[in-house]
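Asks: need coordinates for the below:
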Amino acid sequence: MWIIFGLAAIGATLINLTVFMMEKDYKLPMAIALSLVALTLCAEYSLLNMWVEAKDWGAITDVVPGMSRALWFLTVAAIFLNILPIFLERKRNKMKESK
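Replies: Now for the predicted structure:
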């Protein structure tokens, strides 16, 4: 399930950036993308919980260290990419005001 949410989050982020570049309201795609990132993290945590309940320590020790780094990186990247239009819009508005 986390793969589906993760791919949907990537797609929603790309839609967010595309909508911003088209100079349309990007706030709904941004909220959807960040919500999908949160759902991805929850789904991943649920998977880990299933492994703990099954006492599948091999899966946990093999997957968790690398997955932890990947999830941190991807979450930070998703947050940055999704809030980037806010900062670019502010910069665009300041440039319009100065002219």
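Asks: residue 20 is in what secondary structure piece?
Replies: According to DSSP states H and E, residue 20 maps onto helix 2-21.
Asks: list the contacts for residue 85?
Replies: With contact set as Cβ atoms under 8 Å, 6 or more residues apart in numbering, residue 85 has these partners: 16, 17, 20, 26, 30. In short, each C-beta sits where N, CA and C put it, glycine included.
Asks: what about 6 Å?
Replies: When the contact criterion is Cβ atoms under 6 Å, 6 or more residues apart in numbering, the partners of residue 85 are 20, 26.
Asks: how far off centre is the one helix or strand it maps to?
Replies: Here residue 85 sits within helix 57-98, counting by DSSP H and E. Per Cα atoms, centre = their mean, to the nearest Å, the displacement of helix 57-98 from the mean C-alpha position of its chain is 6 Å.
Asks: and if you look at stretch 19-36?
Replies: Centroid displacement of stretch 19-36 relative to its chain, using Cα atoms, centre = their mean, is 12 Å.
Asks: for that stretch, give me every contacting residue.
Replies: Applying Cβ under 6 Å, 6+ apart, the contact partners of stretch 19-36 are 5, 8, 9, 12, 13, 15, 16, 82, 85.
Asks: and that stretch, what's buried?
Replies: Across stretch 19-36, burial judged by 16 or more other Cβ atoms under 10 Å covers 19, 20, 26, 29, 30, 32, 33, 34, 36.
Asks: the nearest residue to residue 60 once chain neighbours are set aside and residue 69: what is the separation?
Replies: The shortest distance from residue 60 to any non-neighbouring residue, by Cβ to Cβ, 6 or more residues apart in numbering, is to residue 51 (5.2 Å). Distance of residue 51 to residue 69, computed by Cβ to Cβ, to the nearest Å: 18 Å.
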